[in-house]
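# sharing a model that was predicted from the sequence below.
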Amino acid sequence: MKNAAVIVAAGRGERIGGSGGPKQYRLLDDRCVLQHTINCFTAHPQIDVVQVVIHADDRELYASHVMHHDKLAGPVIGGATRQASCKAGVDALDAGTQNVLIHDAARPFVSAIVINNVLNGIAKNTCALPANAIADTIKRAGSDQVVLETVSRDDLFLAQTPQGFLLSEIGAAHEHAANESDTDFTDDAAVGEWAGMQVKLVKGDRDNFKITTQQDLEAARERMSGANMIADVRTGSGYDVHTLGPGDGVILCGIKIPHTQSLQGHSDADVGLHALTDALLGTIGAGDIGSHFPPSDPKWKGAASDQFLAHAVQTVQHAGGTITNLDVTIVCEAPKVGPHRDPMRNRVAEICGIADLSRVSVKATTNEKIGFIGREEGIAALATATVCFQGTKDV
Ligand code: CTP
Ligand code: MG
């Protein structure tokens, strides 16, 4: 089975105005609209061939703007109407091609999901049309701009591309339509409909808009500059260990667990909360727990460790961060952590002000009786914190 994409790029872009040439060759970033549109299809694993249709005057523009790709066939020349350009693209495809998706060069934000929806919607005598419901109220008005009626939008949809067909069916339909002098179809689904095919709507995407006006081009550039920024998501790691000594229980992640020993330390020796504190400080390069709460300071003797973690949370929040995930692993032979996992998660969530418990994870493992943990001389904890910062950042 072979899937081809035909990208029609032979229009003159009259509505966009200005002196920048055809809109498909205008730059969105360091690449033009057409290159971005081609990339959406060459990058899709189910698309085997991409056929671009260009205007005879644009050969040099195409050669200077579009990069080579193994899936990209040499361009063919389109016609005076979109319908004629689509026919030229369809006719250029290998006859062994099963499905063809016909797409406007002026829609550079088509997603892999929309391409999948269209591919999955193609069937015998059925073409797939990505479409969106209409959100605005619809009015019909006369030439004097006076409203004649309010039209129900319930059964109205905005059609997009790519539109998907069996090549044999759309090839025959275009052939037939080209012989009719009074037809000028503005999309291929209309050609299919005219030829008696069923047109099936599949889910489109508002981001898959067509660049028609200067305002659309500016919106596309804005969108592209956002796409080149990376989301400011940061990860920090933490590790802590304390020795076990005489006592009747250990405090792990703020929960007292009865045991034959206790963890020894300057504070309450809660390795779980200490590792989490370091992980959080690590997301903003704010040092470690020792630099905020020196063990030499008598103030912290026997201190409950929740205040260390709360301080790290506050420091991260002051830096503009939102904690999206905390994950701690306790390494010990005993006591068993499993029965206390949920109270531990709840307590960590409470200290950190996290409402969604799925964002707090407590795990445990033994050390297979090896080393100081295996000999039950101490307990260790490892933690990871993920923190998101507002917006995106160039790094
Ligand atoms: N198209 C084409 N051949 C034509 C006319 C249009 O290949 N004779 C292509 C355009 O390049 C565009 C797509 O069809 O990618 C959708 O058409 P449209 O947005 O109308 O583009 P233009 O015709 O270039 O713009 P305008 O109508 O403003 O002149
Ligand atoms: Mg046009």
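Structure received. Ligands and ions are numbered 1, 2, ... in the order given.

# ok, Gln261 to ligand 1 distance?
Between Gln261 and ligand 1 the distance is 73 Å, computed by CB to the nearest ligand atom, to the nearest Å. The C-beta positions use only the backbone N, C-alpha and C, and glycine is treated the same way.

# bridged to that residue, which residues?
Pro246 (DSSP bridges).

# tell me the confidence at it?
You'll see Gln261 listed with a pLDDT of 97.

# can you give me the neighbour number for it?
19 (other CB atoms under 10 Å).

# these two touch, right, it and Thr243?
No. Gln261 is not in contact with Thr243 according to CB atoms under 8 Å; the separation is 9.4 Å.

# report the buried residues of the lowest-mean-pLDDT helix or strand in the chain.
Within the chain, no helix or strand scores below strand 378-393, which has a mean of 87 by mean pLDDT, DSSP states H and E. Buried residues in strand 378-393, counted by 16 or more other CB atoms under 10 Å: Gly378, Ile379, Ala380, Ala381, Leu382, Ala383, Thr384, Ala385, Thr386, Val387, Cys388, Phe389.

# cool, stretch 33-47 as well?
Val33, Leu34, Gln35, His36, Thr37, Ile38, Cys40, Phe41, His44, Ile47.

# got phi/psi on the third one?
Okay, so that is Gln35. phi -60, psi -40 (degrees, to the nearest 10).

# how much space between it and Cys388?
31 Å (CB to CB, to the nearest Å).

# the fourth one too?
As for His36, its distance to Cys388 is 27 Å (criterion: CB to CB).

# secondary structure class for Pro343?
With DSSP: H, G, I helix; E, B strand; the rest coil as the basis, Pro343 sits in helix.

# number of nearby residues for it?
Going by other CB under 10 Å, the residues that sit close to Pro343 add up to 15.

# what sits closest to it if chain neighbours are left out?
With sequence-adjacent residues excluded and distances taken as CB to CB, 6 or more residues apart in numbering, Pro343 is closest to Ile255, at 5.0 Å.

# what of Ala112?
His44 (5.6 Å).

# check that neighbour and give its pLDDT.
Listed pLDDT for His44 reads 92.

# go on, His318?
Per-residue pLDDT puts His318 at 89.

# can you tell me how far it is from Ala286?
For His318 relative to Ala286 (CB to CB), the value is 10 Å.

# who has more neighbours, these two?
For His318 versus Ala286, the count of surrounding residues by other CB under 10 Å is larger for Ala286: 17 against 10.

# how far away is the more buried one from Val100?
In terms of CB to CB, Ala286 sits 56 Å off from Val100.

# ok, Asp306 next?
62 Å.

# who's more crowded, the two?
Val100 (30 against 20).

# the more buried one against Leu167, yeah?
Yes. Val100 is within contact range of Leu167, at 4.7 Å (criterion: CB under 8 Å).

# what residues are shared contacts of the two?
Any residue near both Val100 and Leu167 by CB atoms under 8 Å, 6 or more residues apart in numbering counts here, and that gives Ala4, Val90, Leu93.

# can you tell me which of those residues are in strands?
Among these, DSSP state E puts Ala4 in strands.

# wait, which of the shared contacts of Val100 and Leu167 is closest to ligand 1?
Val90 (12.2 Å; CB to the nearest ligand atom).

# who's in contact with the closest one?
Per CB under 8 Å, 6+ apart, neighbours of Val90: Val6, Val100, Ile102, Leu167, Ile170, Gly171, His174.
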